[in-house]
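Student: What shape does this take:
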Amino acid sequence: MEDAKIIDLYLARSEDAIYQTDAAYGRKLFYLADRILHNTQDSEESVSDTYMKTWQTIPPQRPACLYAYLAKLCRHFALGKLDWKAAAKRKAEVVSLSDEMALCIPDQRKEAEVEAKEIGRAMNAFLESISQESRVIFLRRYWFCDTIAEIAERYGISESKVKMRLLRTRKQLSEFLNREGIAV
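Tutor: Down below sits the predicted model:
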């Protein structure tokens, strides 16, 4: 079913909207959550929470791209679950991607000075300024949490090319954020 028809089902408050959403995007959302959580039960819970939040927010929201909207919600729930598990006296999971991104994101002490919307605007501007191939590889790695091997296989390029493209893109991001006045 097309996204517009699924959104129309939400707007009509039809429970079939959730069924159609699950049929169209359930596996993708589970995969996304599982890449973050590495736990089937927690991933299923994140997807379930995504459906509930979608039901609660459409209407009034009418997303232009349904999957992007769902993925944003699902990532939010999965990362929230990961934070909860990493809290004091709970098993802490380390997100390996944070080391790679550590040089590109603002210092936490200065983060309070920079509004989240400003960082979002800067990231969007940066992503629009780079080539489509670099943007897709960057998003597959840092938004969808794909491994380097998966990205290389998906786009038919070598792992070393993916690594080099990511390295150069992170360097460009760091320089871009500095030019924008966002301390790195």
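Student: Quick check, central residue of this structure?
Tutor: The centroid of the chain falls nearest to Trp143 when counting by C-alpha atoms, centre = their mean (3.5 Å).
Student: Could you verify my assumption that it touches Ala78?
Tutor: No - under the criterion of C-beta atoms under 8 Å, Trp143 lies out of contact with Ala78, with a separation of 12.0 Å. Just so you know, the C-beta spots here come from the backbone N, C-alpha and C atoms, and that holds for glycine as well.
Student: For Thr21, give its distance to Thr57.
Tutor: 13 Å (C-beta to C-beta, to the nearest Å).
Student: swap that for Asp22, sorry
Tutor: Here the distance between Asp22 and Thr57 works out to 17 Å (C-beta to C-beta).
Student: So Ala71 sits against Tyr31, correct?
Tutor: No - in this structure Ala71 lies outside contact range of Tyr31 using C-beta under 8 Å: 10.4 Å.
Student: quick one: which of these two has more around it?
Tutor: Neighbours were counted for Ala71 and for Tyr31 using other C-beta atoms under 10 Å; Ala71 has more, 19 against 15.
Student: for that one, what are its contacts?
Tutor: Shown in contact with Ala71 (C-beta atoms under 8 Å, 6 or more residues apart in numbering): 28-29, 32, 143-144.
Student: Tell me the one among those residues nearest to Lys117.
Tutor: The shortest approach to Lys117 among the contacts of Ala71 belongs to Trp143, at 18.2 Å (C-beta to C-beta).
Student: pLDDT score for the closest one?
Tutor: If you check Trp143, the pLDDT there is 85.
Student: Same question for Ile182.
Tutor: pLDDT for Ile182: 76.
Student: do Lys110 as well
Tutor: Here the pLDDT value assigned to Lys110 is 51.
Student: just to revisit the earlier point, and the gap between the residue nearest to the centre of the chain and Met52?
Tutor: Distance, Trp143 to Met52, using C-beta to C-beta: 22 Å.
Student: buried residues in stretch 120-136?
Tutor: In terms of neighbour count (16 or more other C-beta atoms under 10 Å), stretch 120-136 has its buried residues at 122-123, 126, 130, 134.
Student: Identify the farthest-apart pair in the residues you listed.
Tutor: Spatially, the most separated pair among these is Ala122 and Ser134, at 16.5 Å (C-beta to C-beta).
Student: neighbour count winner among Thr21 and Thr57?
Tutor: Under the neighbour definition other C-beta under 10 Å, Thr21 and Thr57 were set side by side, and Thr21 has more, 26 against 14.
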